[in-house]
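Asks: here is my input, please return the structure:
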Amino acid sequence: RSRPRRSGRATPTEEEHETMVNLLIRWSLAHRLPVLFMAGLLILVGVFVTARMPVDVFPDLTAPTVTVIVEGHGISPKEMETQVTFPIEAAVNGAPDVRRVRSGTAVGIAVVWVEFEWGTDIYRARQTVAERLAAVAGSLPAQVEPPKLAPASSIMGEILFISLTSPSHSQLDLRTVAMTEVRRRLLSIAGVSQVTPIGGDTKQYQVVLSPERLRAFGLSPTEVARALEETNENVAAGVLVSGAQETIVEGIGRVRTPEDIGKTVITLRGESPVRVSDLGTVTVGAAFKRGVGSASRRGPDWEPIIEPGVIVAIQKQPGANTLELTKQLDRALDEIQASLPAGMHVNKDLFRQADFIGNSVRNATTALLEGAAVVMLIVIAFLASGRASLITLLALPLSLLTAILVLRAFGGTINTMTLGGMAI
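Replies: Prediction:
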């Protein structure tokens, strides 16, 4: 009796695939203990890796970028753009692997973003930009500070905003504490890229000169400023050898208090020195500012309360685990709060990326579990076999853990997009 012939002949690739699958099935059935051992090992390794995977809201979609910051106090935007921004853009445009150069210029500041091709090592990119900046730094105006590279970060790098407020301390005190205590402590935590205080008053030692006294002594403000710059330093004078003893000789001239500034000698009139205190007064004041910082919170009756203060923005380094880093920052902020002067308060709840991550991952995980439960019910109902259903259901965690291991191998993270793909 003749058999029906196949309409088409299987290609060698299809035959090889069928043979390989059959061999894999036969080997698995013949070696059940090794298969169970490998499955258990996969589960253990997958759970271990999953617990240590970086977690974010979204994957980092930013190309390797180096940020250049140049400050020129008091220079107009047009002059900054012509004399600073354009030369820097021209210098970095021809660098290897540069895909795009963007810039922004404002009063007294220019920011240039240099984007490199995907896959470029960020530290190699920073070295390339630094070499180009060294070549162009000599042509910049004298009143412009040397170009600086901002710390390496990403578009999703802002993980925490905190505020420092007090009803009994001045804005100058708040800014000083934020710069000297809060910022330094947070920068010492591994994974923190940048800590930026916003708002408050910057402390200055201000010399207020009297025009009448300047005319009386025949001096100008420029001469006073030059004398202050030249005398505010310690000078090494070598070593004095006396027998078997050596003594370091040093000229101490660095000022520490407003009184030290007032005693600075400007010039001589005959044999009498003319000091800063003879020409005006020295006070501690706030530098000129072009913006303020304020923070909002809820009162006892849930009413909004807005109070001036210092806002501190904290950015993480690329690749840092946001959740683990936030826990370390919380512990450090608790220690800082305990050491602050009475009346100063640190609010850690202005913005927390960890909260968004927790909510997003929780929602995606819930959808994943609900989908798995539906699949389990359907499989059990249609297969009507406990053994077959168990085999099918074991494929769910194994496939998810395998996907996470592949993500880890390619440098991926757990986020809403990857979890959504797993749920689908």
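Asks: quick one: the helices in the stretch 201-350 of the chain?
Replies: In the stretch 201-350 of the chain, the helices defined using DSSP state H, counting those that start in this stretch lie at 211-217, 221-231, 258-262, 322-339.
Asks: dump those helices to JSON lines, plus mean pLDDT, distance to I109 and mean neighbour count.
Replies: Just so you know, the C-beta spots here come from the backbone N, C-alpha and C atoms, and that holds for glycine as well. Formatted as JSON lines, these follow (pLDDT from 0 to 100; distance: least, C-beta to C-beta, whole Å; neighbours: other C-beta atoms under 10 Å):
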{"stretch": "helix 211-217", "mean pLDDT": "91", "distance to I109": "32", "mean neighbour count": "12"}
{"stretch": "helix 221-231", "mean pLDDT": "88", "distance to I109": "23", "mean neighbour count": "14"}
{"stretch": "helix 258-262", "mean pLDDT": "89", "distance to I109": "28", "mean neighbour count": "16"}
{"stretch": "helix 322-339", "mean pLDDT": "91", "distance to I109": "28", "mean neighbour count": "15"}
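Asks: looking at those, spot the one closest to V192.
Replies: Distance to V192, taken as C-beta to C-beta, is lowest for helix 322-339 among those, at 7.2 Å.
Asks: for the closest one, packing partners?
Replies: Using 3 or more C-beta pairs under 8 Å, 6 or more residues apart in numbering; DSSP states H and E as the contact criterion, the neighbours of helix 322-339 among helices and strands are strand 158-165, helix 183-187, strand 310-316, strand 345-352, helix 353-383.
Asks: could you verify my assumption that V192 touches I314?
Replies: Yes - V192 is in contact with I314 according to C-beta atoms under 8 Å; the separation is 6.4 Å.
Asks: of the two, which one has the most company?
Replies: I314 (26 against 22; other C-beta atoms under 10 Å).
Asks: partners of the more buried one in the sheet?
Replies: Using DSSP bridges, the bridge partners assigned to I314 are L160, V195.
Asks: hang on, isn't it packed against S163?
Replies: No - counting by C-beta under 8 Å, I314 does not reach S163; the two are 12.0 Å apart.
Asks: and the residue nearest in space to the middle of the chain, how far from L325?
Replies: The residue at the geometric middle of the chain, judged as the C-alpha nearest the mean C-alpha position with C-alpha atoms, centre = their mean, is Q315 (2.6 Å). Between Q315 and L325 the distance, using C-beta to C-beta, to the nearest Å, works out to 10 Å.
Asks: and for G319?
Replies: As it turns out, when the distance is counted by C-beta to C-beta, G319 lies 11 Å from L325.
Asks: so where is this structure shaky, pLDDT-wise?
Replies: Applying pLDDT under 70 to the chain picks out residues 1-18, 155.
Asks: find the residues that touch each one of Q315 and L325.
Replies: 159, 192 (C-beta atoms under 8 Å, 6 or more residues apart in numbering).
Asks: and S139, how many neighbours?
Replies: S139 is surrounded by 11 other residues when neighbours are defined as other C-beta under 10 Å.
Asks: skipping adjacent residues, who's closest to M156 in space?
Replies: Nearest-residue entry for M156: D60, 5.8 Å, with adjacent residues in sequence omitted and distances by C-beta to C-beta, 6 or more residues apart in numbering.
Asks: that neighbour in helix, strand or coil?
Replies: In the three-state summary, D60 is assigned as coil, counting by DSSP: H, G, I helix; E, B strand; the rest coil.
Asks: and it, how far from P54?
Replies: Applying C-beta to C-beta, one obtains 10 Å for the distance of D60 from P54.
Asks: out of those two, name the residue with the larger neighbour count.
Replies: Here D60 and P54 are set side by side on neighbour count (other C-beta under 10 Å), and the busier one is P54, at 20 against 17.
Asks: from V195, how far out is L140?
Replies: Separation of L140 from V195 (C-beta to C-beta): 27 Å.
Asks: which one is G199 nearest to, not counting chain neighbours?
Replies: With sequence-adjacent residues excluded and distances taken as C-beta to C-beta, 6+ apart, G199 is closest to G293, at 1.8 Å.
Asks: so who does that neighbour touch?
Replies: The neighbours of G293, taking C-beta under 8 Å, 6+ apart as the test, are 163, 198-200, 308-311.
Asks: one more time with 6 Å
Replies: Contact partners of G293, counting by C-beta atoms under 6 Å, 6 or more residues apart in numbering, are 198-199, 310-311.
Asks: give the bridge partners for T67, please.
Replies: Per DSSP bridges, the residues bridged to T67 are W113.
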